[in-house]
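quick one, structure for this:
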Amino acid sequence: MNLLLADAAATRAFGRRLAAALEDVADGLTISLEGELGAGKTELVRATIQALGHQGPVVSPSYTLIEPYDLCHRTARHMDLYRLGDPEELEYLGVRDIESTDLIFIEWAIRGEGYLPTIDLLLTLDYEHTARRLYARARTARGGEVLSRLTEQPVIG
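A predicted model of the protein is given here:
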């Protein structure tokens, strides 16, 4: 999938679209988000988690590294590993205790290699003038199912 997201509103709209594609995912799923600082990764995760039913604020986990969000029937976890000193630190943060039904969103996943669950879906946000280019690629069959649902949905602003 290759989309142009014109602005922050388009990024949030894609987040809602992603949430709809994740609605019927019975088990957990791990989504990696790549892109430069300020490219919209956190904004996309925020919109997705809120569209999945989280009522409170969704904050950037830049300093806490992992933020959990209670949803109706599961937990979403947002990780930002930019400030991670060593992947082994994830052991102390309890990454292996994450439930298999959790939805996991990971920014800067490369910094936690070897300690993270398998990435099912890779989302990359690149700058394109004042807009962002979003690339989505499935890394597993389950990620492929979600990507298929995303491509079947109409694009809504």
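
quick check: which ranges of the protein have low pLDDT?
Counting by pLDDT under 70, the low-confidence segments of the chain come to 26, 153-157.

over to the residue nearest the centre of the chain. Which of the three states is it?
Residue closest to the average C-alpha location in the chain (C-alpha atoms, centre = their mean): residue 105, at 3.4 Å. The assignment at residue 105 comes out as strand when based on DSSP: H, G, I helix; E, B strand; the rest coil.

bridging residues for it?
In this structure, residue 105 has beta-bridge partners residue 31, residue 78, where bridges are defined by DSSP bridges.

that one contacts residue 47, correct?
No. Under the contact definition of C-beta atoms under 8 Å, residue 105 does not touch residue 47, with a separation of 11.2 Å. Any C-beta I mention is one placed from the backbone N, CA and C, and that applies to glycine too.

wait, what's in contact with residue 91?
When contacts are counted by C-beta atoms under 8 Å, 6 or more residues apart in numbering, residue 91 touches residue 115.

can you list the buried residues in the helix or strand harbouring it?
When elements are defined using DSSP states H and E, residue 91 is found to belong to helix 89-92. By neighbour count, with 16 or more other C-beta atoms under 10 Å as the criterion, the buried positions of helix 89-92 are 89, 90.

just stretch 129-149 next, same as before
131-134, 136, 138-139, 142-143, 145-147, 149.

need phi/psi at the residue of the chain positioned farthest from its centre.
The centre of the chain is farthest from one residue, residue 129, which by C-alpha atoms, centre = their mean lies 23.1 Å away. Recorded main-chain torsions at residue 129 are phi 60, psi -120, according to degrees, to the nearest 10.

distance of it from residue 39?
From residue 129 across to residue 39, the span is 13 Å (C-beta to C-beta, to the nearest Å).

helices along the chain, start to end?
Listed in chain order, the helices of the chain (DSSP state H) span 8-22, 41-51, 89-92, 141-152.

export those helices as JSON lines, with columns for distance to residue 70.
Compiled in JSON lines, the helices of the chain are given as follows (distance: least, C-beta to C-beta, whole Å):
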{"stretch": "helix 8-22", "distance to residue 70": "15"}
{"stretch": "helix 41-51", "distance to residue 70": "10"}
{"stretch": "helix 89-92", "distance to residue 70": "22"}
{"stretch": "helix 141-152", "distance to residue 70": "21"}
